[in-house]
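Trainee: missing the sequence, but the structure's below:
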Ligand SMILES: [Zn+2]
C-alpha cells in the first residue's frame, strides 16, 4: 500500500466515522426501505438493534419484566422535548407472538427517528413496547411461555407481560394508546366461497360503555380519517371487524369486553385503538407481503400522532376523561346489533380473479346495545374467605383498597349466582362463561373483619368496576381460580355497597 493509498483510506475511515457521528442510520436488522421487509425481526436481533440505537436523553431502553422463559420485556422511550413533551403516547405490539407486523413497524419507526430526530414532534413523549410476548415470538405462537393468551389477561393480570404493560400505563398515563395485532385473511370460511378477506390493514377504537362518549367519537373519527392515507399508499383498509364472510355470517366491531388491551387502556383515560393487519396464513410464504403490512401500520402510527392541534385536543379530552365522574348506572349486558336492518356492502377479494367484490349484507352489526344495567355502587366488598384470591389482582391493577380490622356496618347488596353458562358462541372464544345472577335486597349488615373494601371514589374506579362488578354478564368467574369461588345458588364473594 502506497502512502497515498494509506492517506486515502484514513480519509475514508474518517469520513465514515464522521457520517456515523452525524446521522447515519443505526445498523438495523431490516432493509433501508421498510416496504421491502420479507422477514420479521427476532428477539435477539431486536435486542442488538435497540442496544445500538439507545442514546441517553433521547432514546432510552428499560427492562420492565422477564417472561416465564427469562426473556426481557422492553420499553423504549423516545423524547427530544424533555418536560415540554406533554403528549404521552404508548404503542405496544406482539401480545400474540405470531402476529409480527406491529413490532416490525415500531422498530423501523425507531430506526427512522434515530436517524432523523425531527420526525418526532417535540411535544410528543413516545413510549413503545414492541415485543410484549418474547416467548411467543420466539416460538411463533399466540400464547406466552406459560401458555396464556395475554390479550385475555387484562382483568386478572396474572402474567408478567400484561402486569408490566399495565404498570407502564399507570406510570405514564398515556393520552393515546395503540394495541397491535394480525388476523387471518384466508380462513376456511372465506376460502369456501372462493374469497379472502379484503383488508390488509384495519383499525378500531375503544368502545366500552364506561369510556366517555367523546373519547369513543374522537377514536372513530381517527379511524375514518385514515382511509384516504391508506388508499393513497395502495393498501386495502377498513374499520376492524370480526366474524365470518357476508352475507350470512355476523360481522361486528371488535368486542366491548375489557379483558383486552384496547378497552383496558381506554378505561385508564387514553384514546385507545387496536390495529389489525391481515395475513395470508395458508400462502406458501406468509411473509411475502410483510413490507406492505408494516407500511400500513406505520401510516396509522404516524396518522394517530397527528398535528399539534389534534394532539392538543386529544390531550384535553383524555385529561377530562380521567376526571369524569362515574355514570349513575353500569351497563352489565351489551351486544352488537344492526338497528333497522341496515344493508351494508362488505368488500371481499375473489381468489380466482383478484377482483374486489362488494357483497351486500344485513349481518354487519354497528350499534352497541345496552340490554342490562345496575346502579353504580359506592364500593365493593370482598369477603374474607376470597381475599387471598383477590389480593394479587387488586395489587396488579393498582387499585386502592382497605382491609377491615374490625366488623363494620354497611348497606350491602349481595348478588346470587344462578349459573355460569356453557360456551354457546364459537365465533369468539370470549363469548362463553356468561354469569347469570340475581341481585338481593339491600340490607344493613356487619361486614366481618378481614373484608376487603374497594371504594369507587378513586382514580382507577372504572378499572375497579370492570374487575369486581358481580352483575357483569362477562366477569371474573369464568376464569380458572375464580370459577371455584362461584357456586350456583350461593352469593358471589363480591358484594355491592351503598
Ligand atoms: Zn392478536
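Mentor: Now that the structure is in, tell me what you want to look at. Quick caveat, the model's predicted, so the values are computed rather than measured.
Trainee: switch to C-alpha atoms for all contacts and neighbour counts from now on
Mentor: Fine.
Trainee: Does residue 253 touch residue 365 like I think?
Mentor: Yes: using C-alpha atoms under 8 Å, residue 253 makes contact with residue 365 at a distance of 7.3 Å.
Trainee: Identify the contacts common to those two.
Mentor: residue 336 (C-alpha atoms under 8 Å, 6 or more residues apart in numbering).
Trainee: show me where pLDDT drops low in this protein?
Mentor: Counting by pLDDT under 70, the chain has low-confidence residues at 1-26, 423-432.
Trainee: what residues go with each domain of it?
Mentor: Here the domain assignment for the chain is 27-327, 333-369, 377-497, based on automatic domain parsing.
Trainee: Okay, now the longest one: how far is its last residue from its first?
Mentor: Spelled out, it's domain 27-327. 51 Å (C-alpha to C-alpha, to the nearest Å).
Trainee: just stretch 205-216 next, same as before
Mentor: The first and last residues of stretch 205-216 sit 7 Å apart, counting by C-alpha to C-alpha.
Trainee: same thing with stretch 454-466?
Mentor: One end of stretch 454-466 to the other measures 12 Å (C-alpha to C-alpha).
Trainee: coming back round to it: so of the domains of the chain, which one's packed in deepest?
Mentor: Using mean count of other C-alpha atoms under 10 Å, the stretch among the domains of the chain with the largest mean neighbour count is domain 27-327, at a mean of 20.
Trainee: Distance from that one to the middle of the chain?
Mentor: 7 Å (C-alpha atoms, centre = their mean, to the nearest Å).
Trainee: got it, and stretch 401-412?
Mentor: For stretch 401-412, the distance to the chain centre is 35 Å (C-alpha atoms, centre = their mean).
Trainee: For residue 133, give me its contacts.
Mentor: Contact analysis of residue 133 by C-alpha under 8 Å, 6+ apart lists 67, 73, 94-97, 143-144, 161.
Trainee: and of those residues, the nearest to residue 345?
Mentor: Relative to residue 345, the closest of the contacts of residue 133 is residue 96; by C-alpha to C-alpha it sits at 30.4 Å.
Trainee: and that closest one, which of the three is it?
Mentor: With DSSP: H, G, I helix; E, B strand; the rest coil as the basis, residue 96 sits in coil.
Trainee: Surely it touches residue 142?
Mentor: Yes: taking C-alpha under 8 Å as the definition, residue 96 is a contact partner of residue 142 at 4.3 Å.
Trainee: which residues are in contact with both of these two?
Mentor: Common neighbours of residue 96 and residue 142 (C-alpha under 8 Å, 6+ apart) are 136, 149.
Trainee: From what I see, residue 379 and residue 455 are in contact.
Mentor: Yes: with contact defined as C-alpha under 8 Å, residue 379 counts as touching residue 455 (4.1 Å).
Trainee: list residues touching both of those two?
Mentor: By C-alpha under 8 Å, 6+ apart, no residue touches both residue 379 and residue 455.
Trainee: got CSV for the contacts of residue 133, with distance to residue 261 too?
Mentor: Conversion of the contacts of residue 133 to CSV gives the following (distance: C-alpha to C-alpha, whole Å):
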residue, distance to residue 261
67, 18
73, 16
94, 12
95, 9
96, 12
97, 15
143, 15
144, 15
161, 12
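Trainee: Closest one of the residues you listed to residue 262?
Mentor: residue 95 (11.9 Å).
Trainee: what's that closest one in contact with, if anything?
Mentor: 131-133, 142, 150-151, 180-181 are the contacts of residue 95 under C-alpha under 8 Å, 6+ apart.
Trainee: between these, which is nearest residue 200?
Mentor: The closest of the contacts of residue 95, once distances to residue 200 are taken by C-alpha to C-alpha, is residue 181, at 11.9 Å.
Trainee: need the contact list for the nearest residue to the closest one once chain neighbours are set aside.
Mentor: Distances taken as C-alpha to C-alpha, 6 or more residues apart in numbering place residue 276 nearest to residue 181, at 4.6 Å, with adjacent residues excluded. Each residue near residue 276 by C-alpha under 8 Å, 6+ apart is listed here: 180-183, 201-203, 240.
Trainee: go on, residue 462?
Mentor: Neighbours of residue 462 in contact, by C-alpha under 8 Å, 6+ apart: 210, 267-268, 326.
Trainee: farthest pair in these?
Mentor: Largest pairwise distance in the contacts of residue 462, by C-alpha to C-alpha, is 12.9 Å, between 268 and 326.
Trainee: Which of the contacts of residue 276 fall within helices?
Mentor: Using DSSP state H, no member of these falls within helices.
Trainee: Turn those into a markdown table, including distance to residue 259.
Mentor: Converted to a markdown table, the contacts of residue 276 look like this (distance: C-alpha to C-alpha, whole Å):
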| residue | distance to residue 259 |
| --- | --- |
| 180 | 15 |
| 181 | 15 |
| 182 | 18 |
| 183 | 18 |
| 201 | 23 |
| 202 | 20 |
| 203 | 18 |
| 240 | 18 |
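Trainee: Span of stretch 266-283 from start to end?
Mentor: End-to-end for stretch 266-283, by C-alpha to C-alpha: 35 Å.
Trainee: All further residue positions should be reported with the first residue as 44.
Mentor: Happy to do that; since the first residue is 44 now, the last one works out to stretch 309-326.
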